[in-house]
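Student: No sequence on hand, only this structure:
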């Protein structure tokens, strides 16, 4: 039987994988995907704890997090496309060139 601790363990593993990817990768798109994995692991935690407690507050909060993540994805990808058009690279080391 799968209980809340299994969901929490899976969420912790996903969050660790995402944070490892953010800290070690240099490609902005891969970093962006790792941040999305971290957000999804937090959503899994909200849903698991909401189910465990027996109320819908966590599940409602997940909808707000997903809305913010969708907006972040749209703005982040637009910034990456604009940066790629100017520099022909999406390497994070080249983001230092954005200074005035």
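Tutor: Happy to help now that I have it. It should be emphasised that the depicted structure is a prediction, and the values quoted were computed from it without experimental measurement.
Student: so where do the helices sit in this protein?
Tutor: Per DSSP state H, the chain carries helices over the ranges 4-24, 28-53, 57-87.
Student: Let's see the pLDDT reported for the residue positioned nearest the centre of the chain.
Tutor: Centroid check for the chain by C-alpha atoms, centre = their mean gives residue 36 as the closest residue, at 2.2 Å. Per-residue pLDDT puts residue 36 at 92.
Student: same question, residue 96
Tutor: pLDDT, residue 96: 69.
Student: Any buried residues in stretch 57-73, and which?
Tutor: Residues 58, 62, 69 are the ones in stretch 57-73 that count as buried (16 or more other C-beta atoms under 10 Å). All C-beta spots, glycine's among them, are computed from the backbone N, C-alpha and C.
Student: Now render those as TSV, adding distance to residue 32 and pLDDT.
Tutor: Shown next, in TSV, are these (distance: C-beta to C-beta, whole Å; pLDDT from 0 to 100):
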residue	distance to residue 32	pLDDT
58	25	89
62	20	94
69	11	89
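Student: Redo the residues you listed as JSON lines? Include distance to residue 17.
Tutor: Listed next are these as JSON lines, based on distance: C-beta to C-beta, whole Å:
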{"residue": "58", "distance to residue 17": "22"}
{"residue": "62", "distance to residue 17": "20"}
{"residue": "69", "distance to residue 17": "17"}
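Student: list the contacts for residue 15?
Tutor: Residues in contact with residue 15 (C-beta atoms under 8 Å, 6 or more residues apart in numbering) are 37, 38, 41, 42.
Student: sorry, back to before: I'd like to know how far the residue nearest to the residue nearest to the centre of the chain when sequence neighbours are not counted sits from residue 91.
Tutor: In space, and not counting its chain neighbours, residue 36 is closest to residue 69: 6.6 Å by C-beta to C-beta, 6 or more residues apart in numbering. Distance of residue 69 to residue 91, given as C-beta to C-beta, to the nearest Å: 24 Å.
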